[in-house]
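Novice: Could you look at this predicted model? Sequence included:
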Amino acid sequence: MSLEALNERVKTDLAYLAFGGATWVRPMAHPEGHVYDAVIVGGGQSGLGIAFGLLRERIYNILIVDENPEGAEGPWETYARMMTLRTPKHLTSIDLGVPSLTFRSWWEAQFGAEGWERIDKIPRGDWMNYLRWYRKTLNLPVVNETKLKLVEPAGEGLHRLHLEGAGAPSPAVLARKVVLATGIQGGGEWHVPPMIADSLPPHLYAHTSQAIDFAALRGKKIAVLGGGASAFDNANFALGAGVAEAHVFVRRRALPRVNPIRQMEGSGMIERFPALPDADKYAVISHFFKFNQPPTNDTFERASAWPGFALHLGAPWLAVRPEGDGAIVTTPQGEHRFDFLIVSTGLLTDPALRPELARVERHIARWSDLYAAPAELASPLLDAHPYLTPGFAFTSRDEAGKATLHGLFTFNYSALISCGISASALSGMKYGIPRLVSALADQLFLDDRDETLGRFYAYDVQEFVGEWPRRSVEA
């Protein structure tokens, strides 16, 4: 099968599912102009999948905005440096149950069934190419080079989204519903420990989420702080780009060997997580954080096979300082000099860290507002996460904020405690996206409840035309 043939199969499959029927959503007029039923912020895999889900619900008046150039959405061709995805290749995601929209269908259309059997995990670049195909095939309404600056409450259940960028359709748009499909960092910010940020000039270090000029590091000696998968991805990438030495420093005395996501994928934990009581949700994610995500075996083997690779276990960074044109790192084992540092220390989650939420974040309920964790589990990092509904909607910590937050959804890493990994891992999207789409559609329906029910009660179109007794038919 060719890609052209697959494209036709997608059209046929969607036609069989009656995709594209008439909308049921009432259009809303406003003096400022057009009102979107939903604006999705983020055109990566989550945003694209959510848009397809809304279209399947016959909600067509939508817009996707993404700050990146077309084809560079998400991390895959920006800061992601793994060779392959970490998710098992057989798990489905944003196809939403349509077989012809799966990555496997896209792959086999080009490389055949035998080609599918040959790959172990999905190559990172091919995943991005699949997303480009998915967007084009479904004709999803993405506007690139458009950044959301501020969500402003506009009254009457509306939100005014202030935009900037070369692709922005206007300085502001109005939306009834807003979905923040803003990726792993979209619920807070990437974290650089103050010990590093306050001690070194910016040209001596970078977080793994940043662009790094690896060509300028050829022949240099670098250090990577962190023991998760991203740390080894960056070490391997750097060594492949010509770095002479890459030293990975891990606080723990042994690398984590258990990946709890693998257990969650087959146990019902991902799809049924929102049904758990709060105490279980908090305890599960607390346990999840203890393990983190270890490097995949192939990533570790690739990185550790380089002659210039070194691993330092039980070696937290106690201090850093500039010296000459490099940096000195102090660990319990002594001092080490490097030309550049790469920081793989994850992120912090808190709506207060998001500038686009400045007008509304004071109303957003956090877990600390609604749940008091046992002392042995309590964590400020977990407590700062927003407390969401099972449908990924923000909830209010006060009565005054309920109307302000109505219609705001977040489908990013900040949903971890409330909704599990369904918005933060590819393996959870097949469950999380339909849940969000259903909740958003329910809100639109109930917002127009009075008019909808009024039309129902007033409906009097006669469908049955039979008569009794039957009129005789003249011969």
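Specialist: Arrived safely, thanks for sending.

Novice: helices or strands next to the one helix or strand Lys136 maps to in the packing?
Specialist: Using DSSP states H and E, Lys136 sits within helix 124-138. Using 3 or more CB pairs under 8 Å, 6 or more residues apart in numbering; DSSP states H and E as the contact criterion, the neighbours of helix 124-138 among helices and strands are helix 3-16, helix 45-56, helix 103-118. Any C-beta I mention is one placed from the backbone N, CA and C, and that applies to glycine too.

Novice: ok, how many other residues are close to Phe445?
Specialist: Per other CB atoms under 10 Å, the neighbour tally for Phe445 reads 14.

Novice: Over to it. Which of the three states is it?
Specialist: Phe445 carries the three-state label helix when classified by DSSP: H, G, I helix; E, B strand; the rest coil.

Novice: Is it in contact with Thr452, as I believe?
Specialist: Yes - with contacts counted by CB atoms under 8 Å, Phe445 reaches Thr452, the gap being 6.8 Å.

Novice: which of the helices and strands packed on helix 124-138 sits most buried?
Specialist: helix 45-56 (a mean of 25; mean count of other CB atoms under 10 Å).

Novice: Given the next helix or strand after it, what are its sheet partners and their directions?
Specialist: The element immediately downstream of helix 45-56 (helix or strand, assigned by DSSP H and E) is strand 62-65. Each strand that pairs with strand 62-65, with its direction, by DSSP bridges: strand 35-41 (parallel), strand 142-143 (parallel).

Novice: what residue is smack in the middle of the chain?
Specialist: In the chain, the centroid-proximal residue (CA atoms, centre = their mean) is Gly183; its distance is 3.4 Å.

Novice: gap between Met83 and Lys121?
Specialist: Remark: distance between Met83 and Lys121 (CB to CB, to the nearest Å) = 8 Å.

Novice: Identify the contacts common to these two.
Specialist: When contacts are counted by CB atoms under 8 Å, 6 or more residues apart in numbering, the set common to Met83 and Lys121 consists of Asp298.

Novice: how near is the residue nearest to the centre of the chain to Met82?
Specialist: Gly183 sits at a distance of 15 Å from Met82 (criterion: CB to CB).

Novice: same deal with Asn7?
Specialist: Here the criterion is CB to CB. By it, Asn7 lies 29 Å from Met82.

Novice: isn't Asp447 right up against Arg176?
Specialist: Yes - the pair Asp447 and Arg176 qualifies as a contact (CB under 8 Å) at a distance of 7.1 Å.

Novice: what sits in contact with each of the two?
Specialist: Between them, Asp447 and Arg176 have Gly157 as joint contacts when contacts are counted by CB under 8 Å, 6+ apart.

Novice: which one of the two has more residues nearby?
Specialist: Arg176 (23 against 18).

Novice: residues touching His247, list them.
Specialist: 221-224, 310-312, 336, 338.

Novice: how would you label it: helix, strand or coil?
Specialist: The three-state assignment at His247 reads strand, by three-state DSSP.

Novice: Check what pLDDT it gets.
Specialist: His247 carries a pLDDT score of 98 in this model.

Novice: Quick one: low-confidence residue ranges for this structure.
Specialist: Counting by pLDDT under 70, the chain contains low-confidence ranges at 473-475.

Novice: Could I get the contacting residues of the residue lying closest to Val250 once chain neighbours are set aside?
Specialist: Using CB to CB, 6 or more residues apart in numbering and skipping the chain neighbours, the partner closest in space to Val250 is Gly227 (3.5 Å). Under the criterion of CB under 8 Å, 6+ apart, the contact list for Gly227 reads 248, 250-252, 255-256, 292, 294.

Novice: So which of the residues you listed is surrounded by the most neighbours?
Specialist: Busiest of those [other CB under 10 Å] is Val248, holding 28 neighbours.

Novice: Leaving out sequence neighbours, find the closest residue to it.
Specialist: Nearest in space to Val248, with sequence neighbours left out and distances taken as CB to CB, 6+ apart, is Val224 at 4.7 Å.

Novice: Remind me which helix or strand Arg302 belongs to.
Specialist: Taking DSSP H and E as the definition, Arg302 sits inside helix 297-304.

Novice: before we move on, the earlier item: help me confirm that the residue nearest to the centre of the chain comes into contact with Trp76.
Specialist: No - proximity of Gly183 to Trp76 does not meet the contact threshold set by CB under 8 Å, at 10.9 Å.

Novice: Could I get the contacts of His247 in CSV, plus columns for distance to Ala29?
Specialist: CSV is the format used below for the contacts of His247 (distance: CB to CB, whole Å):
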residue, distance to Ala29
Lys221, 63
Ile222, 58
Ala223, 59
Val224, 55
Ala310, 65
Leu311, 62
His312, 63
His336, 65
Phe338, 61
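
Novice: Dump those residues to CSV, plus neighbour count, distance to Ser93 and secondary structure.
Specialist: As requested, the contacts of His247 are arranged in CSV below (neighbours: other CB atoms under 10 Å; distance: CB to CB, whole Å; DSSP: H, G, I helix; E, B strand; the rest coil):
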residue, neighbour count, distance to Ser93, secondary structure
Lys221, 18, 39, strand
Ile222, 26, 34, strand
Ala223, 26, 35, strand
Val224, 27, 29, strand
Ala310, 16, 36, strand
Leu311, 19, 32, strand
His312, 19, 36, strand
His336, 18, 41, strand
Phe338, 22, 38, strand
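
Novice: Kindly indicate which of those residues lies nearest Leu348.
Specialist: In terms of CB to CB, no member of these lies closer to Leu348 than Val224, at 19.6 Å.

Novice: what's across from that closest one in the sheet?
Specialist: The partner residues for Val224, given DSSP bridges, come to Val248, Ile342.

Novice: Can you name the residues in contact with the helix holding Lys136?
Specialist: The contact list for helix 124-138, computed with CB under 8 Å, 6+ apart, reads 3, 7, 10, 43-45, 48, 51-52, 55, 71, 73-74, 76-77, 80, 82-85, 94, 101, 103, 106-107, 140, 142.

Novice: please redo it, this time with the cut-off set to 7 Å
Specialist: For helix 124-138, the external contacting residues (CB atoms under 7 Å, 6 or more residues apart in numbering) are 7, 10, 45, 48, 52, 71, 76-77, 80, 82-85, 94, 101, 103, 106, 142.

Novice: orientation of that helix relative to helix 45-56 in degrees?
Specialist: Our comparison of helix 124-138 with helix 45-56, counting by axes from the mean of the first three to the mean of the last three CA atoms, to 10 degrees, yields an angle of 20 degrees.

Novice: Just the C-alpha atoms of helix 124-138, please, in PDB.
Specialist: The C-alpha coordinates for helix 124-138 follow below in PDB (Å, rounded to 0.1, in the frame of the first residue of the first chain):
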ATOM      1  CA  ARG A 124      11.800  10.000  16.700                       C
ATOM      2  CA  GLY A 125      12.000  11.700  13.300                       C
ATOM      3  CA  ASP A 126       9.500   9.300  11.800                       C
ATOM      4  CA  TRP A 127       7.100  10.100  14.700                       C
ATOM      5  CA  MET A 128       7.300  13.700  13.700                       C
ATOM      6  CA  ASN A 129       6.700  12.900  10.100                       C
ATOM      7  CA  TYR A 130       3.600  10.900  11.100                       C
ATOM      8  CA  LEU A 131       2.200  13.900  13.000                       C
ATOM      9  CA  ARG A 132       2.700  16.100   9.900                       C
ATOM     10  CA  TRP A 133       0.800  13.500   7.900                       C
ATOM     11  CA  TYR A 134      -1.900  13.200  10.500                       C
ATOM     12  CA  ARG A 135      -2.400  17.000  10.500                       C
ATOM     13  CA  LYS A 136      -2.500  17.300   6.700                       C
ATOM     14  CA  THR A 137      -4.700  14.200   6.200                       C
ATOM     15  CA  LEU A 138      -7.300  15.400   8.600                       C
END
